[in-house]
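Asker: Give me a model of this one.
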Amino acid sequence: MKIRPLNDRVVVRRKEEEEKTAGGIVLPGSAKEKPNQGEVIAVGPGKLLDNGEVRPLSLKVGDNVVFGQYSGNNIKLDGEEYIIMSESEIFGVLEK
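Answerer: As a prediction, the model looks like this:
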């Protein structure tokens, strides 16, 4: 990974877009919704508190997370698309 997020930011790789609906209907490219799940690729050192201490993030690399449809900022790096977002924009971690 050639990017290191700062403070309470994380880098997420979005899961692949669904090709079919739950009912089996094949979706054309323009009708596909971007998934709101992904894998954490990199995490920052933590949130800087008012007293100068750093609170570590509760996420770690490899976590599968759920986030809002329009969360974060999209970037393209080495031909792959990633999302950089704040830890607070992530709704939860998917447990296996």
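Asker: With adjacent residues omitted, what lies nearest to Val66?
Answerer: Nearest-residue entry for Val66: Phe91, 4.8 Å, with adjacent residues in sequence omitted and distances by Cβ to Cβ, 6 or more residues apart in numbering. To be clear about C-beta, it is placed using only N, CA and C from the backbone, and glycine gets the same treatment.
Asker: from the chain's centre, how far out does the helix or strand where the one you found lies sit?
Answerer: Phe91 is part of strand 90-94, with elements assigned from DSSP states H and E. Distance of strand 90-94 from the chain centroid (Cα atoms, centre = their mean, to the nearest Å) equals 9 Å.
Asker: quick one: contacts of it?
Answerer: Taking contacts as Cβ atoms under 8 Å, 6 or more residues apart in numbering, the residues outside strand 90-94 that touch it are Val10, Val12, Gln37, Leu59, Asp63, Asn64, Val65, Val66, Phe67, Gly68, Ser71.
Asker: if we can go back for a sec, and the residue nearest to Val66, what pLDDT?
Answerer: Note on Phe91: pLDDT of 94.
Asker: what's the answer for Gly62, then?
Answerer: As predicted, Gly62 sits at a pLDDT of 93.
Asker: and it, how many residues sit next to it?
Answerer: Using other Cβ atoms under 10 Å, Gly62 is surrounded by 8 other residues.
Asker: Looks like it contacts Glu39 (just checking).
Answerer: Yes - in this structure, Gly62 is within contact of Glu39 by Cβ atoms under 8 Å, at 6.8 Å.
Asker: Out of all residues in the protein, which is the farthest from the middle?
Answerer: Farthest-out residue of the chain from its mean C-alpha position, per Cα atoms, centre = their mean: Asn51, at 28.4 Å.
Asker: Next up, identify which helix or strand it is on.
Answerer: Going by DSSP H and E, Asn51 is not in any helix or strand.
Asker: still on that earlier bit, given the strand holding Phe91, what are its sheet partners and their directions?
Answerer: Strand 90-94 pairs in its sheet with strand 64-67 (antiparallel), by DSSP bridges.
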